[in-house]
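turn this into a model:
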Amino acid sequence: MPSPTSAGAVANAFFDIQSTDRSIFPPIDQMKLQKLVFYSHAWWLAYHGTPMFEDDVFAWPWGPVIPPLYFEFMEFGKNPIVNKRATELMRVGPGPSDFQIRQPEPPPPQIRGFLESVWNTHKALSGIQLSNATHAPGEPWTIVKQQYGTLDSKPPIPNSLIRDVFRSKLGNAPQPANAG
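The predicted model follows:
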C-alpha cells in the first residue's frame, strides 16, 4: 500500500499551518522542520502501523533527519525558512525525460488535521529543544546511536523501531485529531 503523502507535502503543510497561526512561537527553521516531520511520521506509525511517507528517516548527529528535506532547505542554515516550499521530481508523461520539478500535492484532509495536532503540541519548542527531545533515553534516535556507537555513517532509523517506541507511548498520550 502506498504511503498517503510525502515528506515534502508534510513540510509544506507545516509552513502553511505556521503562516495562519497568530500565536507566539519560534519560527520553523531547518532543525524544527526536521523534527516536526519526524514526530508526525512517528505518531502516524504508532496510530496506523504504516508510514505517513516513503522517505526514510536517518540518525544524524543532531537527531532524526529526512535527507531530501535537509538538502532542499540547507541554504537557510539556522535561520527561519521563508518564502520556499518543498518540491519533488514528478513524472508528467511516459517518456524518459517527462519529468518536472513542482510542489507535491497537499496531504489529504485526514493527515492535515493530524499535522495540525502535531503543530499545536510542538510549536512552542525551538528546533534545538525538539532535537534534544529526540535524544532522550529510549527514543529511536538514541537506540540507533547506541547500536552504532557513532553516527558517522548516518544510519537509517527503521520504521518498525519508530513505530514500536511511539506505540509504547500511546497509553500516556492523548489521541490527536484525525488519528483514527
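
for the chain, what's the longest helix?
Assignment by DSSP state H gives helix 30-48 as the longest helix of the chain.

just the C-alphas of the following helix or strand past that one, formatted as CSV.
Sequence order places strand 57-60 as the next helix or strand after helix 30-48, per DSSP states H and E. The C-alpha trace of strand 57-60 is given here as CSV (Å, rounded to 0.1, in the frame of the first residue of the first chain):
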residue,chain,number,x,y,z
VAL,A,57,14.5,8.8,8.4
PHE,A,58,18.2,8.7,9.3
ALA,A,59,20.1,9.1,12.5
TRP,A,60,22.2,12.2,12.0
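
if we can go back for a sec, C-alpha coordinates for the longest helix of the chain, PDB please?
Coordinates of each C-alpha in helix 30-48 appear next as PDB, following Å, rounded to 0.1, in the frame of the first residue of the first chain:
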ATOM      1  CA  GLN A  30      15.800  23.500   9.400                       C
ATOM      2  CA  MET A  31      16.100  21.800  12.800                       C
ATOM      3  CA  LYS A  32      12.400  22.400  13.700                       C
ATOM      4  CA  LEU A  33      11.200  21.300  10.300                       C
ATOM      5  CA  GLN A  34      13.100  18.000  10.500                       C
ATOM      6  CA  LYS A  35      11.700  17.300  14.000                       C
ATOM      7  CA  LEU A  36       8.100  18.300  13.200                       C
ATOM      8  CA  VAL A  37       8.100  16.000  10.100                       C
ATOM      9  CA  PHE A  38       9.800  13.200  12.200                       C
ATOM     10  CA  TYR A  39       7.200  13.500  15.000                       C
ATOM     11  CA  SER A  40       4.400  13.500  12.500                       C
ATOM     12  CA  HIS A  41       5.700  10.300  10.900                       C
ATOM     13  CA  ALA A  42       6.400   8.700  14.300                       C
ATOM     14  CA  TRP A  43       3.000   9.300  15.700                       C
ATOM     15  CA  TRP A  44       1.300   8.300  12.400                       C
ATOM     16  CA  LEU A  45       3.300   5.000  12.600                       C
ATOM     17  CA  ALA A  46       2.100   4.500  16.200                       C
ATOM     18  CA  TYR A  47      -1.500   5.000  15.400                       C
ATOM     19  CA  HIS A  48      -1.800   3.400  11.900                       C
END
